[in-house]
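K.L.:
here is a sequence together with a model predicted from it:
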Amino acid sequence: MNKKTLYWSCQIGGWLFLVLAQTLYLKLSDALNVQTATSQFLLLFFGILLSHLYRNFIVKYGWLKIKIISLIPRVVFASILLAIVSDYVQYGVEFLLGIAGGKHQNAITIVTNIVNLIPFFFSWSLIYFLFHFIENYKKAEIENLKWEASINEIELNKLKSQLNPHFMFNAMNSIRALVDENPSKSKDAITQLSNILRNTLQMGKNKVIPFDEEFKIVSDYLALESIRYEERLKTKVHLHPESKNFNIPPLMIQTLVENGIKHGISKLINGGILEVETNVKNDVLRIDIKNSGQLQEKDVSENGFGIKNTKQRLQLLYGNAASLHIRNLDASTVLTELIIPKSILNYESNIDR
């Protein structure tokens with residue numbers, strides 16, 4: 001049963017149950033007649049109509065996002081207002097039908113009628129908001145579990161990379177070669193390597209990190225790879241000044257840069273160029289990573305896990321506002337396009353209603 005069907009089933013079923021209960025009470029009290037039966041039918045009709053309009057108002061003005069402490073007075077006021085409107089509209093119809101009788105004969109009667117209706121609309125509000133709060137809580141829990149699972153997979157993958165002899169062997173060999181040749185540079189390289197390893201271990205603690213922090217990791221990584229590949233690796237970086245105002249999933253750019261070197265430049269005898277360029281427009285950050293080489297089908301297959309995981313992280317954090325595409329720009333260049341919006345997704349506000 002979809003949400004729309006469930007809503008109307010509850011809406012009609014709830015009000016129908018209420019009216020039938022009242023009708024049974026009138027029957028047992030020998031007060032059921034054409035006038036009271038018509039009144040109950042009007043209560044059913046206007047109850048469904050007004051509560052449905054109330055529901056549209058709630059959705060339109062975002063009451064489902066309001067905190068409970070602020071929501072309570074609104075719900076109380078709305079229940080009173082709906083009871084007043086329902087009573088007067090129903091009285092108007094009954095008056096036109098000539099069955100109103102002494103329903104509004106004095107102020108006390110009017111107030112009594114309204115007070116009797118308030119619990120109906122208040123109960124409707126209570127059930128409606130309770131249903132959505134529970135649903136939102138479950139959905140947020142599911143999203144968080146997905147996020148944690150994604151992070152665990154990424155961490156596991158990174159830990160595997162750390163334990164991969166190639167990663168440590170190449171980095172340490174590059175540094176070793178520098179110890180006698182350029183001690184100062186070798187110290188910097190050790191610091192850069194430790195920065196990468198430390199940030200890799202800490203990446204699971206935050207969903208996003210400042211752009212500058214992420215790019216520091218990228219810079220350290222490129223510096224280490226430059227030692228290893230020497231003149232075979234050339235880098236160009238063009239960062240938009242407003243890039244620092246964005247937050248980035250940790251190690252996302254670093255992973256894409258690493259892929260560009262590993263699957264592109266490292267396979268070229270004469271090496272190549274890796275360019276990182278960022279642009280900001282309309283609160284959206286675009287990151288272009290260009291690397292020499294050609295994207296082969298097997299590269300996509302080998303990167304399948306990483307690309308899939310990166311896209312999953314973007315979907316969890318930004319919904320459809322973020323994207324990742326990798327393609328051949330021309331015969332000798334691969335382009336990786338990463339689109340990041342300024343704000344991460346608020347799960348509760350994104351829940352379908």
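P.N.:
Cool, the structure landed. Since this is a predicted model, take the numbers as computed values, not measurements.
K.L.:
what about this protein, any weak spots by pLDDT?
P.N.:
Under the criterion of pLDDT under 70, the regions of the chain flagged as low confidence span 1, 151-168, 201-205, 298-306, 345-353.
K.L.:
that one: strands as residue ranges?
P.N.:
209-210, 233-238, 247-248, 272-281, 284-292, 323-330, 333-341 (DSSP state E).
K.L.:
any chance of those in TSV, with distance to residue 58 and mean neighbour count too?
P.N.:
Glycine gets a C-beta too; all of them are placed from N, C-alpha and C. Written out in TSV, the entries for the strands of the chain read as follows (distance: least, C-beta to C-beta, whole Å; neighbours: other C-beta atoms under 10 Å):
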stretch	distance to residue 58	mean neighbour count
strand 209-210	36	18
strand 233-238	47	14
strand 247-248	32	21
strand 272-281	35	18
strand 284-292	31	21
strand 323-330	32	14
strand 333-341	27	20
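K.L.:
what's the burial count for the closest residue to residue 316 other than its chain neighbours?
P.N.:
Closest residue to residue 316 in three dimensions, ignoring its sequence neighbours and counting by C-beta to C-beta, 6 or more residues apart in numbering: residue 147, at 5.2 Å. For residue 147, the neighbour count with other C-beta atoms under 10 Å is 16.
K.L.:
now swap in residue 10 and tell me
P.N.:
For residue 10, using other C-beta under 10 Å, the count is 14.
K.L.:
show me what contacts it?
P.N.:
Contact partners of residue 10, counting by C-beta atoms under 8 Å, 6 or more residues apart in numbering, are residue 127.
K.L.:
ok, it to residue 4 distance?
P.N.:
Noted for residue 10: a distance of 11 Å to residue 4, by C-beta to C-beta, to the nearest Å.
K.L.:
coming back round to it: ok, which of the strands of the chain comes nearest residue 78?
P.N.:
strand 333-341 (34.1 Å; C-beta to C-beta).
K.L.:
and the closest one with strand 272-281, angle?
P.N.:
With axes from the mean of the first three to the mean of the last three C-alpha atoms, to 10 degrees as the basis, strand 333-341 and strand 272-281 are set at 30 degrees to each other.
K.L.:
pairing partners for strand 333-341, with directions?
P.N.:
Strand 333-341 has its sheet partners listed here by DSSP bridges as strand 284-292 (antiparallel), strand 323-330 (antiparallel).
K.L.:
got the angle between the first one and strand 233-238?
P.N.:
Using the same axes, to 10 degrees, the interaxial angle of strand 284-292 with respect to strand 233-238 works out to 160 degrees.
K.L.:
would you put the C-alpha positions of strand 284-292 in CSV?
P.N.:
Provided in CSV are the C-alpha atoms of strand 284-292 (Å, rounded to 0.1, in the frame of the first residue of the first chain):
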residue,chain,number,x,y,z
VAL,A,284,27.8,24.9,-6.4
LEU,A,285,31.4,23.7,-6.5
ARG,A,286,32.7,22.1,-9.7
ILE,A,287,35.9,20.2,-9.4
ASP,A,288,37.6,19.1,-12.7
ILE,A,289,40.4,16.6,-12.5
LYS,A,290,42.2,16.1,-15.8
ASN,A,291,44.9,13.5,-16.3
SER,A,292,46.9,12.3,-19.3
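K.L.:
who's in contact with that strand?
P.N.:
Surrounding strand 284-292, the residues in contact under the criterion C-beta under 8 Å, 6+ apart are 211, 240, 243, 246, 253, 256-257, 260-261, 264-265, 268, 271-280, 321, 329, 332-342.
K.L.:
buried residues of stretch 86-95, list them for me.
P.N.:
86, 87, 90, 91, 93, 94 (16 or more other C-beta atoms under 10 Å).
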